[in-house]
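Undergrad: model this:
(one chain, ligands or ions: 1)
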Amino acid sequence: MKPVYTAGMRRRNLLRAGLSAPLAGTALSGCVTPDAQRFQGAHRRMVLRDDPDYERWRQGMAWQTFKHDRYPDVIARPRTALEVADAVSYARRNRLPVVARSGGHNVSGAFFRDGGMLLDLGALQGVEVDARAGTAWVEPALWSRNLARVLQPQGFAFPYAHCGTVPMGGYLLGGGVGLNGDSWGGIACANILEAEVVLASGELVRVNAEQHPDLYWAVRGAGTGFPGVVTRYRLKLHTAPNVILSSAYVFPLPAAADAARWMERERRAAPQDTELMMLMAHTPQGPIAIARFVAFTADQVGAEQLLARYAQAPEAQKALVRMERVPTNFERWFSESVDASRGLGFGSYGVETIWTDRLAESIDAVASAFAEAPSTMSHILVSPRIHTATPNQAAFSMYGEAFVGVYSVWADDAHSANFAWLEQCAELLAPFAKGRYVNETDGFTARERVRSAFSEDAWARLAAVRAQEDRQGVFHGFPGWG
Ligand SMILES: Cc1cc2nc3c(=O)[nH]c(=O)nc-3n(C[C@H](O)[C@H](O)[C@H](O)COP(=O)(O)OP(=O)(O)OC[C@H]3O[C@@H](n4cnc5c(N)ncnc54)[C@H](O)[C@@H]3O)c2cc1C
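TA: Numbering: from 1, shown residues only. So this is what the prediction gives:
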């Protein structure tokens, strides 16, 4: 893992690499400037709009099949934090607004912007654990699954994203609704102890409660509006569970709201180390709702005790199918999450989400539309119990007791029908929304959705931090906002 670069070290390294003298550059307009030649020559990892490889690179940025119709002037792929700093300096000199991309999972394609530089951090996948301190430095493109593979043997865990390929970069920056998150710090970004960030000036700095406290506040939740590039985070780790046991109860779709009411009741009573989940999906037999309880414990007895209460609930007796006390582990969980043949499939995606205190009502409102989804790969994911204590010093400031996410997924070219269905669901859910999740809402479609991911105070402070940290507009703003 690289050391932290001070400004002095950076200057020395740049000198060694022959990169210290900034060449006068102009904004790119399809032509290759001397600065671009120098930059490209140094990195050999940049394509311009007129390069034959450009579209292949651009398409490779998105994790999903659908590629949004927005085109940066330049795509750069730095391999180190130092190269990130150099790329940002280059972009500033050439008046190319920058957007970073870690794993390309943002379904609205927030990293696809017209013009400017798309900074692909996919090569930054390092992790360094300090077992004595119970902390780890993680780079932004490190997958959840790969972090778990490093932590588990050392007795640690983290509120990883539910899908193994989701990397730390955007996930933590926008909040992070993670596995067993309720017991591991609440929203995942609450576990960020500090971060290293490339500023608009091109300087690489460390941000924490004492140094750059405004950026430390912003790095915990600002998401797609963060005015900098995160090159690594230092995270607080948690004790790994020895046992993960899951009980799931399957209901026909008309019983989905009842299942949600069960969840509403349980979320208040459910003990720590139990994650509540709900899924609405399509099967060959018709649409269903699954209520799932997952226990993360030190031993088998503890897990069975946690799950026993759900087996006895009256709702469980009405389930079409019961799959109780099924053992799993992070490796299996993540393998299943990336295996399209076992999961919900893979294709083009659209997503809209709400934070709500009215879970059962919102499920009731969207259930009929769900049954009519144009694609049977589409699904609704619910986290019925969200830890509602606002993290200290965090831009993450908007959430409800539950989270509802509508995922429109399709494998053919019926883009319009599936986006229209997503919009229909978003409108049906809107009356129950306290706000939205910045990582899973589309500001390009409706910019107010991004605004609703923050409290009024946080939105105002973010504007002030952006104005302070990025006076020249080096970084693109929130989708829909600049
Ligand atoms: C299959 C799947 C499963 C998911 N599961 C979960 C889940 O369980 N819980 C959850 O909370 N979310 C989940 N998400 C949503 C996920 O958190 C967001 O999609 C998030 O944006 C992904 O991070 P990323 O690094 O791929 O972001 P990217 O798509 O690479 O980037 C999105 C935006 O984040 C910003 N950004 C990214 N990296 C940096 C950086 N290093 N520095 C500065 N800005 C940066 C940029 O503005 C960029 O436009 C899931 C998404 C998918 C597709």
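Undergrad: partners of the one helix or strand residue 232 maps to, with directions?
TA: For residue 232, the host element (DSSP states H and E) is strand 229-236. On the basis of DSSP bridges, the sheet neighbours of strand 229-236 come out as strand 135-138 (antiparallel), strand 192-198 (antiparallel).
Undergrad: Direction included, what does the next helix or strand after it pair against?
TA: Tracing the chain C-terminally past strand 229-236 and defining elements by DSSP H and E, one meets strand 238-239 next. The sheet places strand 238-239 alongside strand 156-157 (antiparallel), with pairing taken from DSSP bridges.
Undergrad: Could you point out the helix or strand that follows the partner strand?
TA: Proceeding N to C from strand 156-157, the next assigned helix or strand is helix 168-174, under DSSP H and E.
Undergrad: Tell me if that next one is near the ligand.
TA: Yes: counting by C-beta under 6 Å from any ligand atom, the ligand has neighbours in helix 168-174: 169, 170, 171, 173, 174. Placement of C-beta: from N, CA and C, glycine included.
Undergrad: How many residues are close by the second one?
TA: Taking other C-beta atoms under 10 Å as the criterion, the count of residues near residue 170 is 28.
Undergrad: for the last one, same thing?
TA: Look at residue 174: counted by other C-beta under 10 Å, it has 28 neighbours.
Undergrad: mind listing what it touches?
TA: Residues in contact with residue 174, defined by C-beta atoms under 8 Å, 6 or more residues apart in numbering, are 189, 221, 222, 223, 224, 396, 437, 438, 439.
Undergrad: list the contacts for the residue nearest to the fifth one when sequence neighbours are not counted?
TA: Spatially, and ignoring its direct neighbours in sequence, residue 224 is nearest to residue 110 (4.5 Å; C-beta to C-beta, 6 or more residues apart in numbering). Counting by C-beta under 8 Å, 6+ apart, residue 110 touches 99, 170, 224, 443, 479.
Undergrad: tell me which element residue 110 falls in.
TA: Judged by DSSP H and E, residue 110 forms part of no helix or strand.
Undergrad: Specify the local secondary structure of residue 304.
TA: Each residue gets one of three states, and residue 304 gets helix by DSSP: H, G, I helix; E, B strand; the rest coil.
Undergrad: if I look at the residue of the chain found nearest the ligand, how far off is residue 217?
TA: Proximity to the ligand, evaluated over the chain using C-beta to the nearest ligand atom, is greatest for residue 170 at 2.3 Å. With the distance defined as C-beta to C-beta, to the nearest Å, residue 170 ends up 18 Å from residue 217.
Undergrad: Where does the prediction get shaky in the stretch 201-350 of the chain?
TA: The model of the stretch 201-350 of the chain has pLDDT under 70 over residues 338-343.
Undergrad: Those residues of it touching the ligand, which are they?
TA: Taking C-beta under 6 Å from any ligand atom, the part of the stretch 201-350 of the chain that reaches the ligand is made up of 224, 226, 229, 230.
Undergrad: so the second one touches residue 173, yeah?
TA: Yes: counting by C-beta atoms under 8 Å, residue 226 sits close enough to residue 173 to count as a contact (5.6 Å).
Undergrad: the more surrounded of these two?
TA: Neighbours around residue 226 and residue 173, counted as other C-beta under 10 Å, are more numerous at residue 173. The numbers are 30 against 27.
Undergrad: so the more buried one makes contact with residue 222?
TA: Yes: taking C-beta under 8 Å as the definition, residue 173 is a contact partner of residue 222 at 6.7 Å.
Undergrad: tell me the centre residue of the protein?
TA: The chain has residue 171 as the residue nearest its centroid, 2.6 Å off, counting by C-alpha atoms, centre = their mean.
Undergrad: dump the residue contacts of the nearest residue in space to it that is not next to it in sequence.
TA: Beyond its immediate neighbours in the sequence, the residue positioned closest to residue 171 (C-beta to C-beta, 6+ apart) is residue 161, lying 5.2 Å away. Applying C-beta under 8 Å, 6+ apart, one finds that residue 161 lies in contact with 144, 171, 176, 177, 178, 179, 188.
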